[in-house]
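*Asks:* mind looking at a prediction? Sequence and model below.
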Amino acid sequence: MILRRLGEAIAEQNWFIVLIEVLVVVVGIFIGLQVDDWNEARQNRIDGRQFLQRLHGDLLLADKLSSRVRERRLDRLQTVIVASDVLFNRAGRDILTEEECIAIAGTSFFNINAPSLSSLDELIGTGRMEIIQDAELRTALVGLQQTRAALAAMIAVQSGSSNFTSLPSSYPELIELTAYYDSEVGEIRTRPQCDLAKMRANRTFLNKFSINADGYDADLRDGLAPWSAQFDRLHQLVDDALGLDHRVEGNQ
């Protein structure tokens, strides 16, 4: 209809009508584009909210799957440092505590469950990061992917390396293991018994422990600790965006 009137106006050289018809077309296109943009922005907000709700569920599950070992490994680094001082006679004592003995025995353990987040993988795979309007949250999402990839690469390298030694398996005369059930955490664990005097007298053992301790430190500082901090930061940002407070929930 508009095109017919426009054609007639051009044929009659009625330039005023031509101008009006062109303006009507332009304004109509502009309004249509604005409506499309508004609808897209509205849908993005809806999709963004739904994504955060799914992501929060994934974060809770990932935290449940990883938190026990993750916290244990992070807490143990300081014990490895103190045990090293005792082992090399820098601490001024000749007794290893049970926790220090455990730390020495576990210095070759690098593997840890760092679960992926299916909702985040799907978001990145579909290229829809634009539905996350908060720039800090987008940065945290990318940061988690990067730190998780770095942790996985480090675990793969260190777990497959022959440089690191299971000290209880290689030196059973220095570290004796006893299995027991820990009712407090509901799992079977091992209780090691260390012979500090023999450890100090065995240069090969000291060398292998030193290599293990260096790798354990690198694994935690450059792999597990950055991923853990980024995971907790993302979880907090998602909680803030959804208006959640787990401390309040835990007290109810």
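*Replies:* Looks like it arrived, so ask away. Note that the structure is a prediction, hence the values are computed from the model and not measured.

*Asks:* tell me where the chain has helices.
*Replies:* 2-11, 15-87, 98-105, 118-126, 135-159, 167-170, 196-201, 203-219, 225-242, 246-251 (DSSP state H).

*Asks:* buried deepest among those helices, which one?
*Replies:* Most buried of the helices of the chain, by mean neighbour count (mean count of other C-beta atoms under 10 Å): helix 98-105, with a mean of 21. (Each C-beta comes from the backbone N, C-alpha and C, glycine too.)

*Asks:* next, the angle helix 203-219 makes with that helix.
*Replies:* Using axes from the mean of the first three to the mean of the last three C-alpha atoms, to 10 degrees, the direction of helix 98-105 lies 90 degrees away from that of helix 203-219.

*Asks:* let's see helix 98-105 as CSV, backbone CA atoms only.
*Replies:* Extracted as CSV, the C-alpha positions of helix 98-105 are listed here (Å, rounded to 0.1, in the frame of the first residue of the first chain):
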residue,chain,number,x,y,z
GLU,A,98,50.5,-37.2,63.6
GLU,A,99,49.3,-34.4,61.3
GLU,A,100,52.9,-33.7,60.2
CYS,A,101,53.5,-37.4,59.5
ILE,A,102,50.3,-37.5,57.5
ALA,A,103,51.4,-34.4,55.5
ILE,A,104,54.8,-36.1,54.7
ALA,A,105,53.1,-39.3,53.6
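
*Asks:* hmm, who's touching that helix?
*Replies:* Helix 98-105 has contacts (C-beta atoms under 8 Å, 6 or more residues apart in numbering) with 76, 79-80, 82-83, 86-87, 96, 167-168, 175, 177, 190-194, 199, 209.

*Asks:* could you list the low-pLDDT ranges of the stretch 151-252 of the chain?
*Replies:* For the stretch 151-252 of the chain, the stretches with pLDDT under 70 are 247-252.

*Asks:* hmm, try it at 80
*Replies:* Counting by pLDDT under 80, the stretch 151-252 of the chain has low-confidence residues at 185, 246-252.

*Asks:* kindly report the same for the stretch 1-150 of the chain.
*Replies:* Residue ranges of the stretch 1-150 of the chain with pLDDT under 80: 1-46.

*Asks:* rerun that using 70 as the cut-off
*Replies:* Checking the stretch 1-150 of the chain against pLDDT under 70 turns up 1-44.

*Asks:* what's the closest residue to residue 84 other than its chain neighbours in contact with, if anything?
*Replies:* Nearest residue to residue 84 in three dimensions, chain neighbours excluded: residue 213, at 5.7 Å (C-beta to C-beta, 6 or more residues apart in numbering). Going by C-beta under 8 Å, 6+ apart, residue 213 touches 80, 84, 107.

*Asks:* show me what contacts the second one?
*Replies:* Which is residue 84. 90, 209, 210, 213.

*Asks:* from residue 49, how far off is the closest residue to residue 187 other than its chain neighbours?
*Replies:* Among residues not flanking residue 187 along the chain, residue 181 sits closest, at 7.6 Å (C-beta to C-beta, 6+ apart). According to C-beta to C-beta, to the nearest Å, residue 181 stands 45 Å off from residue 49.

*Asks:* do residue 91 as well
*Replies:* From residue 91 to residue 49 the distance is 54 Å (C-beta to C-beta).

*Asks:* next: residue 238.
*Replies:* 11 Å.

*Asks:* try residue 157
*Replies:* 39 Å.

*Asks:* and what of residue 94?
*Replies:* Distance, residue 94 to residue 49, using C-beta to C-beta: 61 Å.

*Asks:* same thing with residue 79?
*Replies:* 43 Å.

*Asks:* picking up where we left off before, quick check: beta-bridge partners of the residue nearest to residue 187?
*Replies:* residue 188 (DSSP bridges).

*Asks:* what's the neighbour count on it?
*Replies:* Neighbourhood size, residue 181 [other C-beta atoms under 10 Å]: 9.

*Asks:* contact partners for it?
*Replies:* So residue 181 contacts 187, 188, 189 (C-beta under 8 Å, 6+ apart).
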